[in-house]
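In: Build me a model:
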Amino acid sequence: MSVKVKTIFFLVMMLSGFLPPSLAQKNIFPADSSVLAAVRFGENVFLDKRGLFTRIAKTTLEMESGTGSLNEIEVLVWENKNRKKQDAVSWLEREKMDLKKNGWTIVPSARDTSFSKLLKTGKTLVMYMAAGKLEANLYFGKLIAAEPVAVTNPAARPVNKNDTVIVIPAVTDTVHTVKAAKGKGILGNWGDISGPKVNYFDDNTGYMVGSGLSKGDGYEFKEDGTFNRYFLATSSRPDYRIFLYEKGTYNVSGNKLTLTPIDLYYRKWEDDQMVTNEHSVPAVRKYRWSIQPEQYTGKPCLHLQPEGGGTEQHYCSN
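Out: Coordinates of the predicted model:
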């Protein structure tokens, strides 16, 4: 390979968000084991401690964290030297076997098997796996104040390709919010109902690594006692887009809010190909709710504290 071709290859890799870990970089280290999962690795595995990719991994894992919170995030990358996606798939399958041998119970997500909960006495992890031609990504996050997890796989009704239950909004460069109805308590729209497009830059090289993960999350509470929830997340590494639409009924009694979902519609795309398209009915959720001003802007925000513990959620009006 000529010097010119090598230079072009190197620049393309940087602009696409991937640099072979074998090229020495700050905050990328060879890894022979996972601290969180306590499993050992063979060759070509690296621990990526760069802030950008740690943030992306954390937000990715939060898709399956429920009402719990995550800390101690691990971003592990296996360099796929043969450039065959099946090799990356095989490596991830071997890691699953090693996790089971090490005493972990693996509970795949009912709606997206890229995600799993790892259960062991006194400890719960959230795991995400993604295979590609250049690398395999393996994320671990320690789950704190987790909701109980049953070691079963809840059934979900598959959706036909011709299903047109909802119209999916386009991803835009701006955040769209709707002002909540003043003086009417919880009524109105709270939070962001579409995710902003965010450009990320590599701290070490200064090069843009693409449009990184962004997300929107919002609720709409109607006067007829029904609610809608919208969730959107996009990421360029791994390349996916998730859209979630939930509808149901709600009941307010003092500062207590009960959400009774009727339907959850979940779609996921990887590399612009739809890989998940399904419906399910989530469990009833209970919160203590309040409306408080945002610290810096003074805008009203809806705060939801899950009953029984968990991370408080808040959704601000525009």
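In: Wait, residue 61 touches residue 69, no?
Out: No: when contacts are counted by CB atoms under 8 Å, residue 61 is not listed as touching residue 69 (10.7 Å). Yep, even glycine has a C-beta here, placed from its N, CA and C like the rest.
In: between those two, who's got more neighbours?
Out: Neighbours per residue, other CB atoms under 10 Å: of residue 61 and residue 69, the larger number sits with residue 61, 21 against 16.
In: now the more buried one: how far from residue 297?
Out: Note on residue 61: its distance to residue 297, by CB to CB, to the nearest Å, is 29 Å.
In: cool, residue 230 as well?
Out: If you measure residue 230 against residue 297 using CB to CB, the figure is 22 Å.
In: Compare those two and say which is more crowded by neighbours.
Out: More neighbours surround residue 230 than the other of residue 230 and residue 297, with 21 against 9 (other CB under 10 Å).
In: where's the more buried one relative to residue 260, distance?
Out: Here residue 230 is placed at a distance of 18 Å from residue 260 (CB to CB).
In: likewise residue 185?
Out: When CB to CB is the yardstick, residue 185 and residue 260 sit 18 Å from each other.
In: which one of these two has more residues nearby?
Out: The neighbour count for residue 185 versus residue 260, taken as other CB under 10 Å, is higher for residue 260 (17 against 13).
In: So the residue nearest to the spatial centre of the chain, which state does it fall into?
Out: For the chain, the residue sitting closest to the mean C-alpha position, by CA atoms, centre = their mean, is residue 60 at 2.6 Å. At residue 60, secondary structure determined by DSSP: H, G, I helix; E, B strand; the rest coil is helix.
In: now it, nearest residue through space, not along the chain?
Out: Excluding its sequence neighbours, the residue lying closest to residue 60 (CB to CB, 6 or more residues apart in numbering) is residue 128, at 5.5 Å.
In: Let me know the next secondary structure element after the helix or strand containing that neighbour.
Out: When elements are defined using DSSP states H and E, residue 128 is found to belong to strand 123-131. Toward the C-terminus, strand 123-131 is succeeded by strand 135-144 as the next helix or strand (DSSP H and E).
In: just the CA coordinates of that following strand, formatted as CSV?
Out: Extracted C-alpha coordinates of strand 135-144, given in CSV (Å, rounded to 0.1, in the frame of the first residue of the first chain):
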residue,chain,number,x,y,z
GLU,A,135,-15.2,-4.8,15.2
ALA,A,136,-17.5,-6.3,17.8
ASN,A,137,-18.8,-4.0,20.5
LEU,A,138,-19.5,-5.2,24.0
TYR,A,139,-20.9,-2.8,26.6
PHE,A,140,-21.5,-3.5,30.3
GLY,A,141,-23.2,-1.2,32.9
LYS,A,142,-23.8,-1.9,36.6
LEU,A,143,-27.5,-1.4,37.4
ILE,A,144,-28.3,0.4,40.7
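In: Assess the claim that residue 31 and residue 41 are in contact.
Out: Yes: using CB under 8 Å, residue 31 and residue 41 qualify as a contacting pair, with a distance of 6.1 Å.
In: Quickly list what's touching both of these two.
Out: Any residue near both residue 31 and residue 41 by CB atoms under 8 Å, 6 or more residues apart in numbering counts here, and that gives residue 76.
In: could you point out where the stretch 1-150 of the chain is predicted with low confidence?
Out: Filtered on pLDDT under 70, the stretch 1-150 of the chain yields the residue ranges 1-25, 67, 145-150.
In: repeat that for 90
Out: Judged by pLDDT under 90, the stretch 1-150 of the chain has its weakly predicted residues at 1-29, 38, 42-44, 48-72, 80-85, 109-114, 121-123, 130-137, 143-150.
In: all strands for it, in order.
Out: Taking DSSP state E, counting those that start in this stretch as the criterion, the stretch 1-150 of the chain contains strands spanning 28-30, 45-48, 69-79, 105-108, 115-120, 123-131, 135-144.
In: For residue 189, which of those strands is the nearest?
Out: Nearest to residue 189 among these is strand 69-79 (25.2 Å), distances taken as CB to CB.
In: Partner strands of the closest one and their direction?
Out: The strands that strand 69-79 pairs with in its sheet are strand 45-48 (antiparallel), strand 135-144 (antiparallel) (by DSSP bridges).
In: Please, which helix or strand holds residue 275?
Out: strand 273-280.
In: Tell me which helix or strand comes right after that strand.
Out: Counting by DSSP H and E, the element after strand 273-280 in chain order, helix or strand, is strand 285-293.
In: What helices and strands are in contact with whichever helix or strand comes after that following strand?
Out: Next in sequence after strand 285-293, counting helices and strands by DSSP H and E, comes strand 300-306. Secondary-structure packing of strand 300-306 (3 or more CB pairs under 8 Å, 6 or more residues apart in numbering; DSSP states H and E): strand 188-191, strand 285-293, strand 313-316.
In: In the stretch 151-300 of the chain, what residue spans correspond to strands?
Out: If you assign secondary structure with DSSP E, counting those that start in this stretch, the strands in the stretch 151-300 of the chain sit at 157-158, 188-191, 198-201, 208-212, 214-221, 226-236, 239-253, 256-270, 273-280, 285-293, 300-306.
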